[in-house]
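Participant: Have a look at this prediction, sequence included:
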Amino acid sequence: MTLPRFYPIFESADWIARMLPLGVKLVQLRIKDRPETETRAEIIRARDLCGAAGAILVVNDYWQIAIEEGCDWLHLGQEDLDSANLAAIRAAGLRIGVSTHDEAELGRALALAPDYVALGPVWPTILKQMKWHQQGTAKLTEWKARIGDIPLIAIGGLTTARAPETFAAGADVVSAVTDITLNADPEARVRDWLRVTG
Ligand SMILES: Cc1ncc(COP(=O)(O)OP(=O)(O)O)c(N)n1
Ligand SMILES: Cc1nc(C(=O)O)sc1CCOP(=O)(O)O
Ligand SMILES: [Mg+2]
């Protein structure tokens, strides 16, 4: 499967509504620490916005809501996998992307036949505390050799300037959060991303 090469991540449907008109075709809704009713409403709105724009919406974490609301894609981290019902997710026809950070996690992910594999943090990230500081681009090359045709997502500390070397190392898709959301002009930054990944 070929995925769009640019994969921004946002915390609300409002952000997604702002960015879809610019041409974003693959986007993750990553909601943390909000009540379930609000989270569900955000997922429904993001699903409908992406459907109308012909974009892929990836729902982070909330696999039950994603099933119930007829979403198409999920992103699950290793801790999410501990509690997710993979059989129910697959029976609902959802595609899954899985986070990986080391060999053991990659092995666990591959056993699930994921629709993409994410490796991070390629560079240091300020979004969240992680036990991995910086994986480096050589690990992307190693991961790509291991996963073959499965799309490889690079995440963590990505900037537009780092995109070319990230692709050169083997990533199929580049994902970014704060490079966009903390930018003084997020729309201009997304246009830059679409240019460097187009
Ligand atoms: C594309 C992508 N890669 C990695 C993650 C991280 O997932 P996870 O480890 O479950 O952490 P949270 O994002 O849930 O805090 C991701 N969301 N997307
Ligand atoms: C959500 C997330 N997951 C990561 C992983 O390595 O699994 S790194 C990360 C944060 C990415 O944000 P930014 O682009 O601002 O660095
Ligand atoms: Mg998660």
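Facilitator: It's in. Numbers count the residues shown, from 1 in each chain. Ligands and ions are numbered 1, 2, ... in the order given.

Participant: What does the pLDDT read for the closest residue to R45 other than its chain neighbours?
Facilitator: In this structure, R45 finds its nearest non-sequential neighbour in A13, 3.9 Å apart by CB to CB, 6 or more residues apart in numbering. For every residue, glycine as well, the C-beta is placed using N, CA and C. A13 is assigned 98 on the pLDDT scale.

Participant: Say whether ligand 3 is contacted by stretch 101-119.
Facilitator: No. On the criterion CB under 5 Å from the ion, stretch 101-119 is out of touch with ligand 3, staying 10.6 Å away.

Participant: Up against ligand 1, what does the chain have?
Facilitator: Applying CB under 6 Å from any ligand atom, we find that the chain lies next to ligand 1 at 28, 30, 60-61, 75, 77, 80, 97, 99, 118, 120, 128, 153, 155, 175.

Participant: what does whatever helix or strand R47 lives in contact?
Facilitator: Here R47, judged by DSSP states H and E, is contained in helix 36-53. For helix 36-53, the external contacting residues (CB atoms under 8 Å, 6 or more residues apart in numbering) are 12-13, 16-17, 20-21, 24-25, 27, 29, 31, 34, 55-57, 59, 62, 65-66, 69-71.

Participant: contacting residues around the closest residue to ligand 3 within the chain?
Facilitator: Residue nearest to ligand 3 within the chain: G77 (3.6 Å; CB to the ion). Counting by CB under 8 Å, 6+ apart, G77 makes contact with 61, 98-99.

Participant: Apply 10 Å and report the result again.
Facilitator: Shown in contact with G77 (CB atoms under 10 Å, 6 or more residues apart in numbering): 60-61, 84, 97-101, 105, 118.

Participant: and the residue of the chain found nearest ligand 1, what pLDDT?
Facilitator: Closest contact between the chain and ligand 1, by CB to the nearest ligand atom, is at G77 (1.9 Å). Looking at G77, its pLDDT reads 98.

Participant: From K139, how far off is it?
Facilitator: Using CB to CB, to the nearest Å, G77 is found at 17 Å from K139.

Participant: With L106 instead?
Facilitator: In this view, L106 and K139 are 10 Å apart by CB to CB.

Participant: got any residues that touch both of the two?
Facilitator: With CB under 10 Å, 6+ apart, L106 and K139 have common neighbours 100, 119.

Participant: touching ligand 2 at all, the host helix or strand of I96?
Facilitator: Using DSSP H and E, the element containing I96 is strand 95-100. Yes. Strand 95-100 comes into contact with ligand 2 (CB under 6 Å from any ligand atom), by way of S99.
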